[in-house]
Structure formats: structure tokens, C-alpha cells
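Colleague: Pasting a predicted model and its sequence here:
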Amino acid sequence: GDSVTQMEGPVTLSEEAFLTINCTYTATGYPSLFWYVQYPGEGLQLLLKATKADDKGSNKGFEATYRKETTSFHLEKGSVQVSDSAVYFCALSRATGRRALTFGSGTRLQVQP
Amino acid sequence: DTAVSQTPKYLVTQMGNDKSIKCEQNLGHDTMYWYKQDSKKFLKIMFSYNNKELIINETVPNRFSPKSPDKAHLNLHINSLELGDSAVYFCASRGTSGALGTGELFFGEGSRLTVL
């Protein structure tokens, strides 16, 4: 079945550091890939997405590139801020059949001033 | 103006009770979901409805019963609550056709259920 694997957290960084959160997936066909963010006490918000190989999703300084050859969708940001502290979820959705998102286990990011 | 709204936001109850969580979306989407998030933040799909028809029913105890009176509403009723039901339950919706078929889910703010 479909699955998403994320690096375990927490990831603790100083402000302005470079961020990478690894995400790899297993799925049949060509899924769409997503990063969601959950701030403390809130629901999940879509951060960025990519729907086909080599697409790059980007938003709020975050980027991720859909790599079919390595089945990966790593999240990066060049300079994190304290306000980026949250839990980040990688997810996939198949274009046909089962249409629910399959989530990774989440990675907590803590940014210190 | 809230796109996906859930009520109540917090629910504290005793073991053995029956409770419901309601969800409404005003996005015009035709598919709605219930997810359960445990204490380790892991998200697991429970149910999904498309135009009032149940399309996903994961391995969930039959004490959990979803109901969709129309495509804008999806409620979750839980009978005989157990300690292990304590979690945050998220409702979500998704458009699957035309301009609404972008693939992403829109989530509510969650309903935190605590069973004592």
C-alpha cells in the first residue's frame, strides 16, 4: 500500500539556519505530493504541493521538488524563523482510486532565537 | 467565513458515554473526511464520504459511526467511549471535479476529545 516516510524529529535549529526535512514515499502510479504544516493548537494547512515529476512546489520561502527517480519530496528553507516552529507533514494522494491523503508521521521543527 | 468548521473544539467526557462531533464546509466540495491524530501527532484516515456516499471506511471500531446528511456536512458519532479514543479528530474536505479538483485537503481546526 501507499506509505510516506519522514525523518524523525524534533529538529532544532537556530534562527536563519538552513532547513531540510526528508520525505520519501511508496505508491503505485504517479501520486501528487504535499507538505502540510500544523502550528500549535491549530489544524493542518497546505504549505506546498507538486503534482508531477520534477515539479517544484514553493511557498513562504519553503521549497520541495518531486523526484520520481528517488521517490522523494524533501522540504527545504534557506533561512528559518522562530515563527516556522511547527509540525510538518509530508503526504501523498493518488490521482485515481483511493483519494484520501496518506500522511507521514510528522516532523517537529523548533527554531530558537 | 471559516471554510471547514468543527464543533465542539474541546470535549471532555467519561468512559462509556456517547458523543458527537459535527463538521460543515462551505467550499462547495463533494468529498469529506475524518482523520484521527494521536498523541504522537500521527494522522490516520477513518472515513470518507463523497456526495453523501461512504467511500472509505478504515479499520475503525464500529462504535464510530459517521453520518453525512448532505455533501456539506459530515458528523461523527462515537458510542461507549473508551480511554483510547482520546485524540484530536480532524474533519477535512476536498473538491474532486473541475476547478475544485486540486487534490489538496482543507482541514478544520480539530476537536480534542478527552475521555476520563
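Modeller: Structure's in. What do you need?
Colleague: residue ranges with poor pLDDT in chain A?
Modeller: Along chain A, the model assigns pLDDT under 70 to residues A:95-98.
Colleague: Next to chain B in this structure, residues from it, please.
Modeller: A:32, A:34, A:36, A:38, A:42-46, A:49, A:51, A:87, A:89, A:93, A:95, A:98-103, A:105-106, A:108 (CB under 8 Å from any CB of the partner chain). (C-beta placed from N, C-alpha, C; glycine too.)
Colleague: Can you give me the end-to-end span of stretch B:47-56?
Modeller: Terminal residues of stretch B:47-56 are spaced 5 Å apart (CA to CA, to the nearest Å).
Colleague: Only the buried residues of it, if you could.
Modeller: Neighbour counts over stretch B:47-56 (16 or more other CB atoms under 10 Å in any protein chain shown) mark B:47-50, B:56 as buried.
Colleague: quick one: least confident of the residues you listed?
Modeller: Here the lowest pLDDT out of those sits on residue B:56, with 84.
Colleague: so what's residue 68 up against?
Modeller: Defaulting to chain A. Contacts of residue A:68 were listed using CB atoms under 8 Å, 6 or more residues apart in numbering or on different chains, and they are A:30, A:53-54.
Colleague: that's the other chain; I wanted chain B
Modeller: Contacts of residue B:68 (CB under 8 Å, 6+ apart): B:32, B:49, B:52, B:54, B:74-75.
Colleague: Tell me which of those fall in strands.
Modeller: Here DSSP state E is the test, and the contacts of residue B:68 give B:32, B:49, B:54, B:74-75 as lying in strands.
Colleague: Now compare those and name the two farthest from each other.
Modeller: The two members of those with the most space between them (CB to CB) are B:54 and B:75, at 12.9 Å.
Colleague: Quick check: neighbours shared by those two?
Modeller: Overlap between the contact sets of residue B:54 and residue B:75, as judged by CB under 8 Å, 6+ apart, is given by B:66, B:68.
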